[in-house]
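Asker: Sequence first, then the predicted structure, then my questions.
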Amino acid sequence: MQTANTGAPQRTPLVAAGLLLGAGLGGFVDGIVLHQILQWHNMLSGQVPPDTLVRAKINMYWDGLFHAAVWVLTAVGLRLLWAATGRADVPHSGRTLGGGLLLGWGAFNVIEGLLDHEILGLHHVYEYTPNHLPADMSFLAFGLVLLLAGGALVRAGRA
C-alpha cells in the first residue's frame with residue numbers, strides 16, 4: 001500500500017527492517033558456519049558437551065530452536081522491508097538498508113557473545129581449547145566493527 005509523502009524522508013522503517021534481517025542473517029552465519037560446518041560449538045556445548053549420542057542430540061535440538069528463532073527474526077525483517085518499500089516517504093537507500101543489516105548482525109554478535117559466551121557460559125566460540133577468551137573476544141570485536149560500519153552506512157544514507 002502506498003502512503004502519501006508527508007515531507008521528510010522516513011528512514012526508520014528501513015533501518016528497523018535491516019536490524020531484524022541483520023540479526024537473523026547473523027544468527028544463520030553463526031549457526032551454519034560455527035555450529036554445523038566448522039563444528040566449533042553448539043548451543044549448549046559449554047554446559048552439555050556433545051561427547052555422547054544423547055548429549056549431541058540435546059545440542060542438536062537446541063541448535064534447531066536457535067535456527068527457528070533466527071528464522072523468525074529474518075521473516076519479520078522481510079515483512080518490515082516489504083512494508084517499507086510500499087511507503088512513498090521511505091527512501092529506497094541501499095546504504096540505509098545495508099547499514100541496518102550490519103547494525104543487526106553486530107548487535108546479534110555483541111548480545112549473543114556477551115550473554116551466551118561470557119555471562120551464561122552456554123558455549124564459547126571455540127570449545128576445543130583451554131583458553132576460550134581469544135576467540136570469544138574476537139567474536140565480540142567483530143560485532144563492534146559491524147556496529148561501527150553499520151552506523152556509518154546509516155549516517156551516509158542520510159546524505
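Answerer: Happy to help now that I have it.
Asker: Give me the residue at the spatial middle of this protein.
Answerer: The centroid of the chain falls nearest to residue 23 when counting by C-alpha atoms, centre = their mean (2.5 Å).
Asker: Help me confirm that that residue comes into contact with residue 101.
Answerer: No. Taking contacts as C-beta atoms under 8 Å, residue 23 lies outside contact range of residue 101: 9.1 Å. Placement of C-beta: from N, CA and C, glycine included.
Asker: can you pull the buried residues of the helix or strand harbouring the residue nearest to the centre of the chain?
Answerer: In this structure, residue 23 is located in helix 12-29 according to DSSP states H and E. Neighbour counts over helix 12-29 (16 or more other C-beta atoms under 10 Å) mark 13-28 as buried.
Asker: wait, what's in contact with residue 106?
Answerer: Taking C-beta atoms under 8 Å, 6 or more residues apart in numbering as the criterion, residue 106 is in contact with 22, 26, 143, 144, 145, 146, 147, 148, 149, 150.
Asker: What distance do you get for the last one to residue 142?
Answerer: I take that to be residue 150. Distance of residue 150 to residue 142, computed by C-beta to C-beta, to the nearest Å: 12 Å.
Asker: the more surrounded of the two?
Answerer: More crowded of residue 150 and residue 142, by other C-beta atoms under 10 Å: residue 150, with 24 against 16.
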